[in-house]
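*Asks:* Show me the folded form of this:
(2 chains)
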Amino acid sequence: MNFDVVLVAMLPEHILLAGIVLLVALDIAGASTRETVTVTTLILIAAAAAATCLATVAYTATPFAGHYSVDAGASSAKAILLALTVPVVLISRDDFAERTFHILLLSSLYGACLLVASDSFLMLFLGLEIMSLPVYVLVLLAFQRTASAEAALKYLVLGGTATATLLMGASLLYGATGSLALSAFTSSLASPSAMETIGVVLVLLAFFLKAAVVPFHAWAPDAYEGAAMPVTAYMAAVIKGAVLFVVVRLAGNAMLGPPVVGLVVAMPLLSIVWGNLTAMRQQSFRRMIAYSSIAHAGYLFYALLGEPASRFQAVAFYVLAYGAMNILAFAALPRAADDATRDRLVHLKGLFGRDPAAAILPLPGFVAKFMIFKNVIAAGYTAYAVAGLIGSYIGIYFYLRVVQYMFMSADESFARGTPSKGLALGASVLCLIAAFVLGVFPGWVIDVL
Amino acid sequence: MAEPLVLNVVLFMPLVGVALLFALKPRAESQVRGWTLAIMLAQFVLTLWLYLRFDATVAGLQFETRLPWIAAWGVYYLIGLDGYNLLLVLLTAFLGPLVVAGAFTAIRKDVKLFYAMVLLLQFAMVGTFVAQDLFLFYLFWETMLIPLFFIIGIWGGERRIYATFKFVLYTAFGSIVMLAAVIYLVISLDATTGITSFAFADLYRAQLPLPVQTILLCAFALSFAIKVPMVPLHTWLPDAHVEAPTAGSVILAGVLLKMGTYGFMKLGFPLFPDATRLLAPVFSTLAVISIIYGACLALVQTDIKKVIAYSSISHLGYVMLGLISLDLLGIQGAIVQMVSHGLVAGGLFLMVGMIYERCHSREIKDYGGLAKLLPIYSVFFAILTLAAIGLPTTSGFTGEFLVLLGAFSAAWPLHLEGFSYPLVVSVTAVAGVVLGALYMLGLAQRVLFGPARAPHQPLVDLNLREKSILVALMAAVFVFGLFPAEPMRKTELAAQEYRQLVAAERTGSRMTLNTAGSRVVAPVPMGNVTSTAAARTTP
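*Replies:* Below you'll find the predicted structure:
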């Protein structure tokens, strides 16, 4: 183990760790919590910048051989996850004054960073748990509401189930191949052995559960609804992104074989259709986001059908575009007297009476979906791509319903909420800039990824 | 060479206008109107200048701008004018100021948002016409739906939500299917020729087996035929037209429907020539059914707007007939008919809007003898009616006559060879002209003549603003009817190119998709930028 390599390759993690220690120290010292948002934001920006640098120079190293390695892809993934958390922190001030939130958030990110660079099931498991455990607590942190306790418990139990399924799959694969390396999983994808196939399927199902793909989605609306707004945004954008990044890493450079392809087509397709259909029937903003994120998980898993070389780029672009849009939705949510009112969609009626910005918002999503379906067709799965596209047609309907809700009921007498101010406005602007770049100059982003 | 720059200015002007509107004070409604009109007028003037600068003796793209956009996929920001889109861009720019001026008094709710949406729509429409890259085209094509969704949904009539959802979901379904075909086409071009490009000129070289061509053509045709609309995909049109505010109707009839026929002419037919020739009987039959069925439906309507809406279906049927005839005269006639219908139907919708503002009714039975009540209005209405019928000296005549001539001269040789079906189709199309006279004259007779009757009296005749709008329209209708030679000279080379493209054999060997390894972006063959490396360095 070379310490120089460990120092450089894991720089984003080190910065996060230092940040966590700093925040804990400040807490023990009893310092005022006024600057917490600033400190956390700076830590995140520093970590994201470090990851971006590593990605730009395509730094490749193996600090812990067989368990953890860094390449351009892993660093880009870290950079995306860290950058997406910045606006999440910015919108959190109204909900969380305590440092607990920030410490837990950074801890969860630490896990996500380990996760997306893991090389063995041991490290993957470690990363996944470090990422998930703080989130169970984060969901619970909105303790003013009874719903959050229920949500946290549900999330914990279902998260535990996912972990158990993952472990079962990994054990079967270990039994069959004698290796815990992710490359063993990759080669098992095409293996005819029943044991390996079952192992692969179990591991995939665990990630379906983590990413809330139909029919393993039922926990998501409850957990999202129970959590506080910033936590929901974090779960929808960052956790989901990290899960998808590690799935792409798992699939490696293998094309999917027959039984797995069926799984990766059918369930995501169901997710796209069901997620979009149910999303437009919701009365609660967070449940709507939950269902739409179920649909997005479907698109993301579709990317696995593409050629191995193209998968990461498609997933990275999608995670970035979808994450930015999602957090934007949270940031643009008007302030209200209490959380429950804020969550009700009725509250949004006529909100954007004079703001046509919503018209450009589908653009990044279009490019992201185009990229995924282009890869799927290029890999020869034209029929599956057509099915997915027709499923996404329902997504258009959903988008129109949201637009109708916000623009076309302005004459009904609903008290308009106060538009967001201060930090939340900053978060909106940040996400809007990201959306603009992703939508209008996707070429830049694609070249960088 | 200032022309390419001017073309970009023409394209982005409305978008800058949107930003400008939001910089104005919230309550400055007359300023909003004034600025929007100024932007639209300036856009028209610049477009007219481009039209005059357009060289009729040069085939292919003029005033071209080519910038790498998504270099890794071979997507370019590629715009330019050619004989295909020249007149349509001019038409769009011409109708823009008229639409804006026509809505001055009709729109009183959320004025700023309304004009922002009209400008956004103008941007998307001009973009759709000038785009020469399929990805760019598709983006503009889809972007058009959003402002129109707002325009119908916010400022429409009673059933506006239903109508706007029906319109957008109908058209979006066609677009989704087309998207799959677009991706498949581009990937097969890459796989068979090694060219990674979305440029129309490159896609024209794709070699595809006939079954694939047929499927792809059907996918493209679904999207375009919904937009035209061709029977049986027309059912969104009456709802959208009736519920839309006047400005929405004018843009729908004037420009949007031409997107469908332009799509067929620029993409659908030339991209898949062998499938087009195979399916030509189907398309010509559907075109004639549209002509006759649309006219029959127009005959029995009780709502003035619906008469004109259904007459659009009939008139666009001629365009399709001309395009599929593959006869030079027929193609030229189709282009003229597109512009003519844009002027005439746009004008008629504007006039319906004017009377609706006064009386709040569009029922034919509520009106009578308007010639006595509103003499100036009636003169304009009568002239537009005659132009819609296709009276010689108006633009309607040139288009329909050339289309029918083209259809005949294409069908006659086939008839001599013993295949008389096309001739039957052409003869049936003539009946549409008679039906057209029947419903339009019937409408004029019931509304303009007979005992004086109107739901809201006394009526004030047209004011200066309305007169100016209509005078401009009349002038265009007559210029186009009396001197069609000049614009047709500019479109002639494009018509020839279109005919050659569709006549060409292009069934290639069976496509094998390259599924392994990464794709290399081949040098773009036609133009200024030669490699991805160069493309990457330029922003």
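*Asks:* how about low-confidence regions in chain B?
*Replies:* B:1, B:508-539 (pLDDT under 70).
*Asks:* for it, which strand is longest?
*Replies:* Longest strand in chain B, counting residues (DSSP state E): strand B:62-70.
*Asks:* Give the next helix or strand downstream of that one.
*Replies:* Once the chain leaves strand B:62-70, the next helix or strand it forms, by DSSP states H and E, is strand B:75-81.
*Asks:* Please save the CA atoms from that next one in PDB.
*Replies:* C-alpha atoms of strand B:75-81 as PDB (Å, rounded to 0.1, in the frame of the first residue of the first chain):
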ATOM      1  CA  VAL B  75     -24.700  16.600 -34.300                       C
ATOM      2  CA  TYR B  76     -24.300  20.100 -35.800                       C
ATOM      3  CA  TYR B  77     -25.900  23.400 -35.300                       C
ATOM      4  CA  LEU B  78     -26.600  23.500 -39.100                       C
ATOM      5  CA  ILE B  79     -29.000  26.000 -40.500                       C
ATOM      6  CA  GLY B  80     -29.600  27.500 -43.900                       C
ATOM      7  CA  LEU B  81     -32.000  28.500 -46.600                       C
END
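*Asks:* from the middle of its chain, how far away would that strand be?
*Replies:* Mean-position distance between strand B:75-81 and its chain equals 19 Å (C-alpha atoms, centre = their mean, to the nearest Å).
*Asks:* which residues make contact with that strand from outside it?
*Replies:* A:443, B:4, B:7-8, B:11, B:50, B:54, B:61-69, B:89, B:127, B:130-133, B:135-136, B:197-199, B:524, B:529 (C-beta atoms under 8 Å, 6 or more residues apart in numbering or on different chains). The way it works is simple: take the backbone N, C-alpha and C, and place the C-beta from them, glycine included.
*Asks:* Pull the contacting residues for A:Leu141.
*Replies:* A:96, A:100-101, A:104, A:148, A:228, A:231.
*Asks:* From those, pick the one nearest B:Pro484.
*Replies:* A:Val231 (66.9 Å; C-beta to C-beta).
*Asks:* Test for you: state the pLDDT assigned to the closest one.
*Replies:* On pLDDT, A:Val231 comes in at 91.
*Asks:* Can you pull out the low-pLDDT segments for the stretch 101-250 of chain A?
*Replies:* Across the stretch 101-250 of chain A, the ranges flagged by pLDDT under 70 are A:143-144.
*Asks:* Indicate the residue of it located nearest to chain B.
*Replies:* Relative to chain B, the nearest point of the stretch 101-250 of chain A is A:Ala190 (13.8 Å; C-beta to the nearest C-beta).
*Asks:* Please report how far the closest residue to that residue other than its chain neighbours lies from chain B.
*Replies:* Ranked by C-beta to C-beta, 6 or more residues apart in numbering or on different chains and with sequence neighbours excluded, the top spatial neighbour of A:Ala190 is A:Gly257, at 4.6 Å. According to C-beta to the nearest C-beta, to the nearest Å, A:Gly257 stands 14 Å off from chain B.
*Asks:* so what's A:Gly257 up against?
*Replies:* A:189-191.
*Asks:* Please go through chain A and pick out the longest helix.
*Replies:* Counting residues, the longest helix in chain A under DSSP state H turns out to be helix A:146-177.
*Asks:* Can you list the helices and strands that that helix packs against?
*Replies:* With contacts taken as 3 or more C-beta pairs under 8 Å, 6 or more residues apart in numbering or on different chains; DSSP states H and E, helix A:146-177 sits against helix A:121-140, helix A:182-188, helix A:194-211, helix A:219-226.
*Asks:* quick one: buried residues of the first one?
*Replies:* This points to helix A:121-140. If you call a residue buried by 16 or more other C-beta atoms under 10 Å in any protein chain shown, then helix A:121-140 has these buried ones: A:121, A:123-128, A:130-140.
*Asks:* Could you check which residue of chain A lies nearest chain B?
*Replies:* For chain A, C-beta to the nearest C-beta, closest residue to chain B: A:Gly443, 4.0 Å.
*Asks:* Pull the contacting residues for the nearest residue to that residue once chain neighbours are set aside.
*Replies:* The spatially closest residue to A:Gly443, leaving aside those adjacent along the chain, is B:Ile70, at 4.0 Å (C-beta to C-beta, 6+ apart). B:Ile70 makes contact with A:367, A:442-443, A:446, B:135, according to C-beta under 8 Å, 6+ apart.
*Asks:* Just grab the bridge partners of B:Ile70 for me.
*Replies:* Applying DSSP bridges to B:Ile70 yields these beta-bridge partners: B:Val75.
*Asks:* Give me the three-state assignment for the residue of the stretch 101-250 of chain A closest to chain B.
*Replies:* When classified by DSSP: H, G, I helix; E, B strand; the rest coil, A:Ala190 comes out as coil.
*Asks:* Surely it touches A:Gly252?
*Replies:* No: A:Ala190 lies out of contact with A:Gly252 (C-beta atoms under 8 Å); the separation is 11.0 Å.
*Asks:* thinking again about what came up before, can you give me phi and psi for the residue nearest to A:Ala190?
*Replies:* Main-chain torsions, A:Gly257, degrees, to the nearest 10: phi -90, psi 180.
*Asks:* Any figure for the gap between it and A:Val201?
*Replies:* 11 Å (C-beta to C-beta, to the nearest Å).
*Asks:* what do you get for B:Ser340?
*Replies:* 63 Å.
*Asks:* and these two? which has more neighbours close in?
*Replies:* B:Ser340 (30 against 17; other C-beta atoms under 10 Å in any protein chain shown).
*Asks:* which ones are touching the more buried one?
*Replies:* B:387, B:394-396, B:398-399, B:477, B:480-481.
*Asks:* Using a markdown table, please lay out those together with neighbour count.
*Replies:* Output for the contacts of B:Ser340, formatted as a markdown table (neighbours: other C-beta atoms under 10 Å in any protein chain shown):
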| residue | neighbour count |
| --- | --- |
| B:Ala387 | 28 |
| B:Thr394 | 24 |
| B:Ser395 | 26 |
| B:Gly396 | 30 |
| B:Thr398 | 26 |
| B:Gly399 | 29 |
| B:Val477 | 24 |
| B:Phe480 | 26 |
| B:Gly481 | 22 |
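*Asks:* Now, those that are in helices?
*Replies:* Per DSSP H, helices hold the following members of those: B:387, B:395-396, B:398-399, B:477, B:480-481.
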